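# Fold the stuff below for me.
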Amino acid sequence: MTNRRQFLTKAGLMGIGAAGTATLAAPNIVRAQSAIKWRMQTYAGSALGEHVTKPIVDAINEASNGELQVELYFADQIVPTGELFRALQAGTIDAVHSDDDSMASPAEVAVFGGYFPLATKQILDVPALFYQYGLADIWREAYKKVGGVVWLSAAGQDPCHFNTKKPINTLADLQGLRLYTFPTAGRFLTQFGVVPVSIPYEDAQVAVQTGELDGMAWSGITEDYTVGWADVTDHFLTNNISGAWIGSYFVNEKKWADLPDHLKKLVMTAIEASHTYRNQWYWGGEAKLRATGTKMALTSIPAAEWKQVEDAAKVFWKEIAGQGETAAKVVKIFEDYNAVLEKAGPPYTNG
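Sure thing, here's the model as predicted:
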C-alpha cells in the first residue's frame, strides 16, 4: 500500500508539472497586463443614452474580464458634440457613438451621416446599405484618408419626424419654425422656411419651454417620449424627412491599434448586439407610441403635397453628388437601393 501511495503521489505531481509546463509553453492570447481604460462619449443625452449607447458599454465592461473598461459620457459632457471628431482624433476621448454630420467629421461621407433627406425609409435600410450595397467599404476608406480615427460600424435608428408646439398640416406651416435639428437636415429644410437652431442637446427641452424653439426635427416618437420632448410639444407630424438615422461607432486610431485582437472582437460583438437591441426598441416603440401615446396629437401633410419634399430631395441629392467622386458614389448607391425598394413594393415602400 505504501509503495502504491508513493507511486500515485509521484504520478500526480508529474502530471501537474507536465500540465504546468505545457501551459507555459503553449501559445496564448495576448492579454493586457493591466486594465485598458477608454472614455467614450455619445451624441445622446442621458435618458436616450441609456438605450442607444449604454448597452454596448455595459456589455464590454461585463465580458472583458477586467481587461477593458469603458467609461461612458453623454452628450456634451467632455466636449460639445460638434467637437467630437477633433477630440477623438487628438485622443482627448477614445471612442465615440455619433453620426458623422453632428460631430463635424471632415470625412467625405460626413454629409450622409445623421438624416440624409429621404435616403432611407426604415431602420433596416441602414445595415442593408452598409453591408449589402457597399457603404461600409466607402466609410472605412474615407476615414483612412482622414487619419487618426477608425470607423467601426454603422446602424440605423429612428426616422426623423417633427414634434412641435403648433400643428403642421401643410408645408406652409413649416414657415418660420425654429427647430432643433441636424446640420444637413437643417440645410435641406431651409427651402421650406424652417430656421435650424443649433444648441446643446440637453438645452433643447428648456428652449421649447422658453420659446426659443418651436420644436424639433431630430427624432422619431420613441425618443420624444423617452427624453421628455413629448412633455413640452403638442403635435407630431407623421411625415418624415428620413426613414432612419445613420450613426456609427468610431475609435481613436492608436487606441484601436494597441488593443489586443481578442478585445477587438469583443468590442465588435458588443456593437453588433447593441444594433440588434436598437432595432427592436425603435421599431416597436415607433408603432406603439403612435398608436397608443397620449402626449402628442398626430397630424399629416397630404401625400400629394408632401411630394414637393420628395422631389426637392432628389434635387438635393444631385447637388451633393456634384461635390466629388465619393459623394457621387454614395448618392448612386442610394438611388439604386431606392429603385429596388420601389420595384419590390410593400412592405419596403408605403404604397
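# which element follows whichever strand or helix holds residue 48 toward the C-terminus?
Using DSSP states H and E, residue 48 sits within helix 46-52. Following helix 46-52 in sequence order, the next helix or strand is helix 54-63 (DSSP H and E).
# That following helix packs against which elements?
The helices and strands touching helix 54-63, judged by 3 or more Cβ pairs under 8 Å, 6 or more residues apart in numbering; DSSP states H and E, are strand 68-73, helix 261-292. Where C-beta positions appear, they are placed from N, C-alpha and C, glycine not excepted.
# between these, which gets nearest to residue 108?
Nearest to residue 108 among those is helix 261-292 (22.9 Å), distances taken as Cβ to Cβ.
# quick one: the closest one to chain centroid distance?
Helix 261-292 has its C-alpha centroid displaced from the chain centroid by 10 Å (Cα atoms, centre = their mean, to the nearest Å).
# so after it, what's the next helix or strand?
Counting by DSSP H and E, the next helix or strand C-terminal to helix 261-292 is strand 297-299.
# can you pull the buried residues of that next one?
Residues of strand 297-299 classed as buried by neighbour count (16 or more other Cβ atoms under 10 Å): residue 299.
# can you give me the offset of that strand from its chain's centre?
With Cα atoms, centre = their mean, you get 27 Å for strand 297-299.
# got a list of contacts for that strand?
Residues outside strand 297-299 that contact it (Cβ atoms under 8 Å, 6 or more residues apart in numbering): 167, 168, 169, 234, 235, 236, 237, 238, 290.
# ok now do the last one, which residues does it touch?
Spelled out, it's residue 290. Shown in contact with residue 290 (Cβ under 8 Å, 6+ apart): 221, 236, 238, 298.
# Chain neighbours aside, what residue packs nearest to residue 47?
Using Cβ to Cβ, 6 or more residues apart in numbering and skipping residues adjacent in sequence, the residue nearest residue 47 is residue 227, 4.7 Å away.
# I'd like the distance between that neighbour and residue 273.
Separation of residue 227 from residue 273 (Cβ to Cβ, to the nearest Å) stands at 23 Å.
# who has more neighbours, the two?
Using other Cβ atoms under 10 Å as the criterion, residue 227 and residue 273 rank with residue 227 on top: 22 against 14.
# Hmm, residue 48 and that one touching each other?
Yes: using Cβ atoms under 8 Å, residue 227 makes contact with residue 48 at a distance of 5.2 Å.
# how about the helices of the stretch 201-350 of the chain, start to end?
204-210, 221-227, 253-258, 261-292, 303-321, 325-344 (DSSP state H, counting those that start in this stretch).
# Contact partners for the most centrally placed residue in the chain?
Nearest residue to the geometric centre of the chain (Cα atoms, centre = their mean): residue 247, 2.7 Å. By Cβ under 8 Å, 6+ apart, the contact set of residue 247 is 43, 97, 98, 99, 113, 114, 154, 155, 157.
# could I get these as CSV with pLDDT?
As requested, those are exported to CSV (pLDDT from 0 to 100):
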residue, pLDDT
43, 97
97, 98
98, 98
99, 98
113, 98
114, 97
154, 98
155, 95
157, 96
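# Which members of those are positioned in strands?
The strands, defined by DSSP state E, take in 97, 98, 154, 155 from these.
# As TSV, the residues you listed with distance to residue 145 would be great.
Formatted as TSV, these follow (distance: Cβ to Cβ, whole Å):
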residue	distance to residue 145
97	22
98	19
154	17
155	23
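# Just flag the most distant two among these.
Pairwise over these, using Cβ to Cβ, the maximum falls at 98 and 155, 12.3 Å.
# Please identify every residue contacting each of the two.
Common contact partners of residue 98 and residue 155 (Cβ under 8 Å, 6+ apart): 247, 248.
# The residue nearest to residue 113 when sequence neighbours are not counted: how many residues sit nearby?
With Cβ to Cβ, 6+ apart as the measure, residue 100 is the residue that lies nearest to residue 113, at 3.0 Å, once sequence neighbours are left out. Neighbour count of residue 100, defined by other Cβ under 10 Å: 28.
# wait, doesn't residue 100 sit right on residue 108?
No: with contact defined as Cβ under 8 Å, residue 100 does not count as touching residue 108 (9.7 Å).
# what's near enough to touch the residue nearest to residue 113?
For residue 100, the contact set (Cβ under 8 Å, 6+ apart) comprises 107, 109, 110, 111, 112, 113, 114, 246, 248.
# If we use 10 Å, what do you get?
By Cβ atoms under 10 Å, 6 or more residues apart in numbering, the contact set of residue 100 is 84-85, 106-114, 139, 142-143, 151, 154, 184, 246-248, 250.
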